[in-house]
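Undergrad: Here you go, sequence then predicted model.
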Amino acid sequence: MPRNRTAIAMMLTVGAIGSLLSCSGPSVHDITITARDYAFIVPATVPAGLTAFHFVNRGTVPHEVQFFRFNLGLPATTARSYLATGSVPDSVADRSGSVLIAPPGDSVREALLVDLRAGERYALLCQFHDSAGKPQHTQLGMIGLIEVRYVP
């Protein structure tokens with residue numbers, strides 16, 4: 001998330017999600033965000049609806065995924081430009097967001113549960129450094145953009 005963002009969205013353990021949904025609730029899409037050195041592997045588009053995002057680190061160094069929503073109406077080209085610079089102004093993104101962190105070769109027990117709506121765009125950033133003086137992972141290309149589509 002941009003530097004000034006500190007709000008954390010609701011995170012539930014995978015077991016808690018299963019318990020919550022077994023009470024005849026809505027179906028949940030499961031999406032895995034995979035980190036590699038230095039990229040995210042994630043679908044470019046996802047369907048609208050309740051979605052559990054899981055985070056797996058297949059890299060050799062620690063990674064994070066900063067996950068936040070761009071303001072509605074921000075064009076995809078503009079969102080990609082901000083992500084490519086590694087600097088997203090607070091004025092173009094929702095104030096809430098989440099961060100999941102995983103050590104090398106591991107996954108996070110928690111999942112990020114989000115009610116996605118068609119037309120929304122979500123950013124993925126990893127701003128970790130491998131060591132002092134090394135570039136942020138965003139500068140090495142560790143960014144992503146997810147677009148939410150309506151699926152009948």
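TA: On my side now, so go ahead.

Undergrad: shouldn't Gly97 be in contact with Val65?
TA: No. Using CB atoms under 8 Å, Gly97 makes no contact with Val65, being 10.3 Å away. All C-beta spots, glycine's among them, are computed from the backbone N, C-alpha and C.

Undergrad: Burial check on Ile41, number of neighbours?
TA: 12 (other CB atoms under 10 Å).

Undergrad: That one and Val56 touch, don't they?
TA: No. Using CB under 8 Å, Ile41 makes no contact with Val56, being 9.1 Å away.

Undergrad: In terms of neighbours, single out the busier of Gly97 and Val65.
TA: Set Gly97 next to Val65 and count neighbours by other CB under 10 Å: Val65 wins out with 26 against 21.

Undergrad: list the helices and strands the helix or strand the more buried one falls within packs on?
TA: In the assignment (DSSP states H and E), Val65 maps to strand 63-70. The contact analysis (3 or more CB pairs under 8 Å, 6 or more residues apart in numbering; DSSP states H and E) places strand 63-70 against strand 29-36, strand 49-57, strand 93-102, strand 121-125.
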